[in-house]
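> Turn this into a model:
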Amino acid sequence: MSAEKEAKLNFPDRQTREKCWSSRDDYWKCLDDNKDDESKCSQLKKLHESVCPQLWVTHYIRKRKYDKFKEKMAKEDFDPIDYYAQQQKEQEQHKNKSKK
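Presented below is the predicted three-dimensional model:
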């Protein structure tokens, strides 16, 4: 049996999923409380990695990074549409100066 088929057959039951989610939440809370200092949350990280499927852990890491990025952009009042419109305007101005 391939590893992919075996993984599908071994989908975590409800209790295991709840342990995983709870360990993720505890780990993230620790990171939030400690300004993302992983050294202060190493035990919770190990627990989280031990009770969750590796694919889920990878997904949660990406999700946290994305959520933190969104928070940062919101705090800085970043608007990607305005940013890219301004970039295009500056490029056009630069092109026009080069033509003269």
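
> Quick check: what element follows the lengthiest helix in the chain along the chain?
Longest helix in the chain, counting residues (DSSP state H): helix 54-75. Sequence-wise, the next helix or strand downstream of helix 54-75 (DSSP states H and E) is helix 80-99.

> follow-up on the earlier one: who are the packing partners of the longest helix of the chain?
Under the contact criterion of 3 or more CB pairs under 8 Å, 6 or more residues apart in numbering; DSSP states H and E, helix 54-75 touches helix 14-33, helix 42-51. Where C-beta positions appear, they are placed from N, C-alpha and C, glycine not excepted.

> hmm, try it at 6 Å
Judged by 3 or more CB pairs under 6 Å, 6 or more residues apart in numbering; DSSP states H and E, helix 54-75 is in contact with no other helix or strand.

> Show me what counts as buried in that helix.
For helix 54-75, the neighbour count (16 or more other CB atoms under 10 Å) marks 56-57, 60, 64 as buried.

> do you know how far residue 85 is from residue 92?
11 Å (CB to CB, to the nearest Å).

> That should have said residue 19, apologies.
55 Å.

> Tell me which of those two has more neighbours.
The neighbour count for residue 19 versus residue 92, taken as other CB atoms under 10 Å, is higher for residue 19 (17 against 10).

> Tell me the pLDDT of that one.
In this model, residue 19 is scored at 97, pLDDT.

> what sits against it?
Residue 19 is in contact with residue 51, counting by CB atoms under 6 Å, 6 or more residues apart in numbering.

> Please apply the same query to residue 40.
Taking CB under 6 Å, 6+ apart, one finds residue 34 in contact with residue 40.

> what about the chain, any weak spots by pLDDT?
Along the chain, the parts satisfying pLDDT under 70 run over 1-9, 83, 94-95, 97-100.
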